[in-house]
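Q: The following block contains a protein sequence and its predicted model.
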Amino acid sequence: MIKTIKDMPEHSRPREKLREKGAVALTDEGLVAAILGMGTAGIDVRTMAKQVAGLIREHREILSLDHLLTVPGMGLAKGAQILSAFELARRHLLKEIIKIECAKDVLPLVADVASKPQEHFVCISLNGANEVIEKRVVTIGLLDKSPVHPREVFADVFADRAAAVILLHNHPSGDLQPSQADRRTHDQLFEVAKILGIRILDNIIVTRKGYFSFRESGLIS
């Protein structure tokens, strides 16, 4: 018997919940179930929704029809429903694509960090076209010291399936030159990035006065 949303208890039906509380009230599985509407013979909609939501979290923007067709009961029609919803969101709802071509392109993204009284270490993950995937504050230190471990820097970058990364931190002192500690940290992160197959596109220091780019200064070839 094919189980549909109507077979669920009324209080747990995703479409009714969406009507009453809005789409934000639904879990990932609930959103997928609302799109699918019904399962197939032997596979109920909740089981399918759970598996599809897992694939979405795993593959994110590279989710394909081939990925979806691995779900039991998923055919072209239902796969097309999911991918069409993704494409509409990409075109009209997702944040503007930002491409980084030089250090100055990064500055608008970190304007809030430059004048912070504590050192903030920021990591910006990029795809193969040098388009921003995500910006994250990795650590916040005291005064001008922000200890950073490669694991903290690259864990989310690796999960993003990023091809490259930009490292950045502020100097509350206002000094734009990299300290010896900055250079040691850079060398350590550079070696780890090579092992992971991730390019360090640049390492940037920002202050209220301006910025220092490791790449523009010849410290990254």
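A: Sure, I can see it. Numbering: from 1, shown residues only.
Q: Identify all residues paired with the most centrally placed residue in the chain through a beta bridge.
A: Central residue of the chain (Cα atoms, centre = their mean): residue 134, 4.5 Å from the mean position. Going by DSSP bridges, residue 134 is paired in beta bridges with residue 125.
Q: likewise the one 5 residues further on?
A: In this entry, residue 139 is beta-bridged to residue 121, by DSSP bridges.
Q: Can you check the pLDDT for it?
A: Listed pLDDT for residue 139 reads 90.
Q: For burial, what's the neighbour tally of it?
A: By the criterion of other Cβ atoms under 10 Å, residue 139 has 17 neighbours. Using the backbone N, CA and C atoms, a C-beta is placed for each residue, glycine as well.
Q: From residue 123, how far out is it?
A: Using Cβ to Cβ, to the nearest Å, one gets 10 Å for the distance from residue 139 to residue 123.
Q: and what of residue 14?
A: Distance, residue 14 to residue 123, using Cβ to Cβ: 35 Å.
Q: With residue 52 instead?
A: From residue 52 to residue 123 the distance is 30 Å (Cβ to Cβ).
Q: Residue 99 now?
A: 18 Å.
Q: Between these two, point out the one with more neighbours.
A: residue 123 (25 against 11).
Q: Low-confidence stretches in the chain?
A: Applying pLDDT under 70 to the chain picks out residues 1-12, 93-95, 142-147.
Q: which residues of it fall in strands?
A: 120-126, 132-140, 164-170, 199-206, 211-213 (DSSP state E).
Q: Pick the most deeply packed of those.
A: Ranked by mean neighbour count, the strands of the chain are led by strand 164-170 with a mean of 25 (mean count of other Cβ atoms under 10 Å).
Q: List the contacts of that one.
A: 100, 106, 110, 113-116, 119-128, 130, 146, 153-154, 157, 182, 186, 189, 193, 198-207 (Cβ atoms under 8 Å, 6 or more residues apart in numbering).
Q: what's the answer for stretch 182-199, then?
A: 148, 150, 153-154, 157-158, 162-165, 167, 169, 178, 200, 203, 205, 214, 219-220.
Q: Flag every buried residue along that stretch.
A: 182, 185-186, 189-190, 192-193, 198-199 (16 or more other Cβ atoms under 10 Å).
Q: Let me have the residues you listed in a markdown table, adding distance to residue 46 as columns.
A: Output for the buried residues of stretch 182-199, formatted as a markdown table (distance: Cβ to Cβ, whole Å):
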| residue | distance to residue 46 |
| --- | --- |
| 182 | 51 |
| 185 | 47 |
| 186 | 49 |
| 189 | 43 |
| 190 | 47 |
| 192 | 41 |
| 193 | 41 |
| 198 | 37 |
| 199 | 42 |
